[in-house]
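>>> build the 3D model from these lines:
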Amino acid sequence: MQFVVAIIKKLPWVQIGLLVGGLAFGLVWGYVIDPVDFVDATPYYLRADLQEDYLRMTIDSYSLNPDPNIAIQRWQNLGANAQQVYDRVLSDPRGNRAAIKSYGELITQVIAAGGGQPVETTNSSPLKTIVLGIIAIALLALMGWGAWYTYRLLGKRGSGQVTPTMQASEMSRKAEKTNFEQLGLAPPITQTMTTFVLGDDLYDESFSIDTQAGEFMGEYGVGVSEAIGVGDPKKVTALEIWLFDKNDIKTATKVLMSQHAFGDPSIRARLEPKGELVQVEPQAQILLETATLQLLATVVDLEYGSGPLPTNSYFERITLELAIWPRQGEQAQG
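Numbering: from 1, shown residues only. Here you go, the predicted structure:
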């Protein structure tokens, strides 16, 4: 269940929302706001039985007013279906066979003279075809991007391969939470274990803070702040913990840095604007405070990666325990 929740949180909801919203807007525009209007449509668009009725009326009219120009124009209005409709009418003359044959002979003569031949009728303009083609290509591109993103997110799960996201979820599930009541502290409002594993390039966790009555108080989370080196997977050298309080105009943020990053002046200079810099140590505790909330982050597990990069420069894995309490003293003062 935790794995499913983690996947849902990592989905690109903004892009999905834009896609769904765009499709919905297009449907509303095309069917409600500015639907397609047929103006001066020809009998080509009628049902087969109505096309027969039209041709019978055309033949009757020709019998009374033998104007070949009008007769040919009405024949052409049936488009490529004209001959088929005529054959059906001829097979069921309804007592008017002579008039039908006379009309057919006129059409045959005109066609033989090089005129009157119906052409394939289409309701698509070149511009409309181009627009529909662009829309189709855009949709295919979005679908392809979505498939690629999902593949990266889930990995080759169907083949039985364990992905970094799955490993992280399992580590978080097995990690033992602190019993704060045994330490003489009040139980936290919420308590979460989260794990980053090398290879989870999309690592970005966020959680809601709600009272028992369901009242929203804020949010907190942790994500990748800085990577080192080049190539995949990302070599994460710093994580960013944040705490949002609905009663505070500023979000509290601290940056958890590897031993190497903490001692590198250039990396420190890039990360200082994000928040207070903290060097990660096993079992270290980091406190974040806002107007009415406190977040205590505990480094439950830490292992550095090994490779051509400097020693202790990026995380192989790191598990954090995030616990939230109300700031009772601050509330009492307020």
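
>>> ok, now how distant is the residue lying farthest from the centre of the chain from residue 63?
Computed with Cα atoms, centre = their mean, the residue of the chain farthest from its C-alpha average is residue 98, at 65.0 Å. Distance, residue 98 to residue 63, by Cβ to Cβ, to the nearest Å: 9 Å. For every residue, glycine as well, the C-beta is placed using N, CA and C.

>>> repeat for residue 77
For residue 77 relative to residue 63 (Cβ to Cβ), the value is 18 Å.

>>> higher neighbour count, the two?
residue 77 (19 against 14; other Cβ atoms under 10 Å).

>>> for that one, give me its contacts.
42-44, 54 (Cβ atoms under 8 Å, 6 or more residues apart in numbering).

>>> can you map out the helices along the stretch 101-250 of the chain?
For the stretch 101-250 of the chain, helices defined by DSSP state H, counting those that start in this stretch occupy the ranges 126-154, 164-174.

>>> need those in TSV with mean neighbour count, can you?
Converted to TSV, those look like this (neighbours: other Cβ atoms under 10 Å):
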stretch	mean neighbour count
helix 126-154	12
helix 164-174	18
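
>>> rank those helices by pLDDT, which is bottom?
Comparing mean pLDDT across the helices of the stretch 101-250 of the chain, the weakest is helix 126-154, with a mean of 71.

>>> take the helices of the stretch 101-250 of the chain and write them to a markdown table, including distance to residue 300.
Converted to a markdown table, those look like this (distance: least, Cβ to Cβ, whole Å):
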| stretch | distance to residue 300 |
| --- | --- |
| helix 126-154 | 25 |
| helix 164-174 | 9 |
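
>>> residue 182 is nearest to which of those helices?
helix 164-174 (20.1 Å; Cβ to Cβ).

>>> quick one: list the elements packing against that closest one.
Secondary-structure packing of helix 164-174 (3 or more Cβ pairs under 8 Å, 6 or more residues apart in numbering; DSSP states H and E): helix 2-10, strand 190-197, strand 315-326.

>>> swap the cut-off to 10 Å and go again
Applying 3 or more Cβ pairs under 10 Å, 6 or more residues apart in numbering; DSSP states H and E, we find helix 164-174 packed against helix 2-10, helix 126-154, strand 190-197, strand 293-304, strand 315-326.

>>> show me which residues of the fourth one are buried.
What that stands for is strand 293-304. 293-302, 304 (16 or more other Cβ atoms under 10 Å).

>>> out of the residues you listed, who's nearest residue 67?
residue 293 (88.5 Å).

>>> ok, back up a step: specify which member of the contacts of residue 77 is nearest to residue 165.
For the contacts of residue 77, the nearest to residue 165 is residue 44 (56.7 Å; Cβ to Cβ).

>>> figure out how far the host helix or strand of residue 267 is from the centre of its chain.
According to DSSP states H and E, residue 267 maps onto helix 265-271. Relative to its chain's centre, helix 265-271 lies at 35 Å (Cα atoms, centre = their mean, to the nearest Å).
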